[in-house]
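1. Can you look at this prediction? I've put the sequence above it.
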Amino acid sequence: MNIHFIAIGGAAMHNLAIALHKKGYQVMGSDDEIFDPSKSRLEKYGLLPPKFGWYPEKITPKLDAVILGMHAKPDNPELKKAQELGLNIYSYPEYLYLQSQDKKRVVIAGSHGKTTITSMILHVLSQQNKQVNYMVGSQLQGFETMVKLDDQADTIILEGDEYLSSPIDPRPKFLWYQPQLTVISGIAWDHMNKFPDKAEYIRQFEKYIDTITPGGTLIYNEEDKTLKNIAEKKRPDLKKIAYKTPAYQKEGNTFYLLNQNNKIPLKIIGAHNMQNAEAARLICREMGITYQAFYQAIQSFEGADKRLEVLAENDKSIIFKDFAHAPSKVAASVKAVKESFPDKKLVAVLELHTYSSLNKKFLPEYKNKLDAADEAIVFYSPKAVVLKGLEPIAASLIQEEFNFPGLKVFTNPQELHQYLYDLNMDNTALLLMSSGNYGGLDFDKITHKINP
């Protein structure tokens, strides 16, 4: 098979390219820019394009498939050439489905927690030496790549994202997978640029439930009222399993799951992660993993990359870096850190970076989401608002919508950086939440404050 990737440098795309290369396919690709870790990984396998840019001459009738990444534009010259030649053009999720048609497909969906739940499942299966194929949205400890495809495994674990499939395919990715077994962790409006109102966003999950194979299994979080309502009304042919936050307790800084008078110590923190663990346990149970085996394996799970990652700590202070940006994720992360370190001053720093978070109409979704913090800071770049074609946002509006007394709002990155560099870290938990980098924040300088 000869495969060409348009926008090969994406986090998901480069992992799929490596997986197909390992499978023995002839793989090449293009991109206008590629950064690490994608760049180093592609280079390791001889897949890094010799020159960056788009080259229509790479697109020939000899190609069996062209895989189109979200980074490309609909008028991409390589895409236009592939369309002119009538080649088979696939989105990332569509091609994953083609590779897994003969396997049992286990899909982890939901507005929040899906990367962590998928990571937990893969960690447990690895501990049990159960071989599966997979696609997960985060780098995992002990896993070289985020995608594995081969002809030996009879099961594939897929993280089911509700974002669009490709620049020319506006369907959510998870509508491609047609799972036999799935979990939905919750529904909280996101991606406002593609789903302009909450009802339209919720409809995508209704459509997703319709794609579950007849007689399949749906595991859902019954604490989410919207999800519970949808799950109970739709698809009477499905086996349905409701779950909720399991019994747990906290001693010191350690969280314990409670099961039949047993206390299972964990390396992860917060009620939301306890809920994620329950979803992972139920998926593993349906895959034949016993309770005992699950609890034994989950004890060594340290969390998914960029999810409440500890950057530095000492006996008085701790610094977390977290990918949270959507309202539900922000609330879960702030509560998790406060629950873990109730005696420390929690300083929560959120960067508004995505289209939704910088949209005036979406800002009310953040109301009270930072309430568990002792001090809260929001940073956004007015330049990013302009680049995304959105209306300017006043700092006063952010203060009003977040409804947090004394909320500090920064628009100048240098002023934010200096504030954080000067922050008194004595008996403090600092939580840095962003899918960006706060306009070039020096994280080493921050960690040096408590680990000189």
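-> Arrived safely. Numbering: from 1, shown residues only.
2. Packing partners of the helix or strand encompassing Q296?
-> Using DSSP states H and E, the element containing Q296 is helix 291-298. Packing partners of helix 291-298 (3 or more Cβ pairs under 8 Å, 6 or more residues apart in numbering; DSSP states H and E): helix 114-127, strand 254-259, strand 262-266, helix 271-286. Every C-beta, even on glycine, is put in place using the N, C-alpha and C of the backbone.
3. how about a cut-off of 6 Å?
-> Here helix 291-298 touches helix 114-127, going by 3 or more Cβ pairs under 6 Å, 6 or more residues apart in numbering; DSSP states H and E.
4. hmm, back to that, quick one: average confidence on the helix holding Q296?
-> For helix 291-298, the mean per-residue pLDDT is 96.
5. Can you show me the CA trace of it as PDB?
-> Extracted in PDB, the C-alpha atoms of helix 291-298 (Å, rounded to 0.1, in the frame of the first residue of the first chain):
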ATOM      1  CA  TYR A 291     -12.100  -6.500  39.400                       C
ATOM      2  CA  GLN A 292      -9.000  -7.800  41.200                       C
ATOM      3  CA  ALA A 293      -6.800  -7.500  38.100                       C
ATOM      4  CA  PHE A 294      -8.100  -4.000  37.400                       C
ATOM      5  CA  TYR A 295      -7.500  -2.700  40.900                       C
ATOM      6  CA  GLN A 296      -4.000  -4.200  41.000                       C
ATOM      7  CA  ALA A 297      -3.000  -2.600  37.700                       C
ATOM      8  CA  ILE A 298      -4.600   0.800  38.200                       C
END
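6. Now that helix: buried residues?
-> Neighbour counts over helix 291-298 (16 or more other Cβ atoms under 10 Å) mark 293-295, 297-298 as buried.
7. Show me what the helix or strand just after that helix is packed against.
-> Going down the chain from helix 291-298, the next helix or strand is strand 309-313, by DSSP H and E. Strand 309-313 is packed against strand 318-322, with contacts defined by 3+ Cβ pairs under 6 Å, 6+ apart.
8. okay, the angle between the strand it packs on and strand 309-313?
-> 160 degrees (axes from the mean of the first three to the mean of the last three Cα atoms, to 10 degrees).
9. which residues sit against the next helix or strand after strand 318-322?
-> Proceeding N to C from strand 318-322, the next assigned helix or strand is helix 327-340, under DSSP H and E. By Cβ atoms under 6 Å, 6 or more residues apart in numbering, the residues outside helix 327-340 that reach it are 112, 188, 253, 269-270, 272, 322, 324, 346, 348, 365-366, 369-370, 372-373, 429, 431.
10. can you give me how far the helix holding Q296 is from the chain middle?
-> Here helix 291-298 shows a centroid-to-chain-centroid distance of 24 Å under the convention Cα atoms, centre = their mean, to the nearest Å.
11. quick revisit: Serialize the buried residues of helix 291-298 to a markdown table and add fields for distance to N88.
-> Converted to a markdown table, the buried residues of helix 291-298 look like this (distance: Cβ to Cβ, whole Å):
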| residue | distance to N88 |
| --- | --- |
| A293 | 42 |
| F294 | 40 |
| Y295 | 45 |
| A297 | 40 |
| I298 | 41 |
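12. The residue of the chain positioned farthest from its centre in helix, strand or coil?
-> Going by Cα atoms, centre = their mean, the residue of the chain most distant from its centre is P61, 35.9 Å out. For P61, the assignment made with DSSP: H, G, I helix; E, B strand; the rest coil gives coil.
13. Do me a favour and average the pLDDT over stretch 315-328.
-> Here the average pLDDT along stretch 315-328 is 92.
14. first to last residue in that stretch, what's the distance?
-> 30 Å (Cα to Cα, to the nearest Å).
15. For it, buried residues please.
-> In terms of neighbour count (16+ other Cβ under 10 Å), stretch 315-328 has its buried residues at 317-328.
16. Closest to L87 out of these?
-> In terms of Cβ to Cβ, no member of the buried residues of stretch 315-328 lies closer to L87 than F323, at 35.3 Å.
17. Now the nearest residue to that closest one once chain neighbours are set aside: phi and psi?
-> With Cβ to Cβ, 6 or more residues apart in numbering as the criterion, F323 has its nearest non-adjacent residue at 4.2 Å, and that residue is K306. The phi and psi values for K306, taken as degrees, to the nearest 10, are phi 70, psi 10.
18. Report the separation between N427 and A348.
-> N427 is 16 Å from A348, where distance means Cβ to Cβ, to the nearest Å.
19. Comparing these two, which shows the higher neighbour count?
-> Neighbour count, other Cβ atoms under 10 Å: between N427 and A348, A348 has more, with 28 against 12.
20. sorry, back to before: between helix 114-127 and the helix holding Q296, find me the angle.
-> Using the same axes, to 10 degrees: helix 291-298 against helix 114-127 is 110 degrees.
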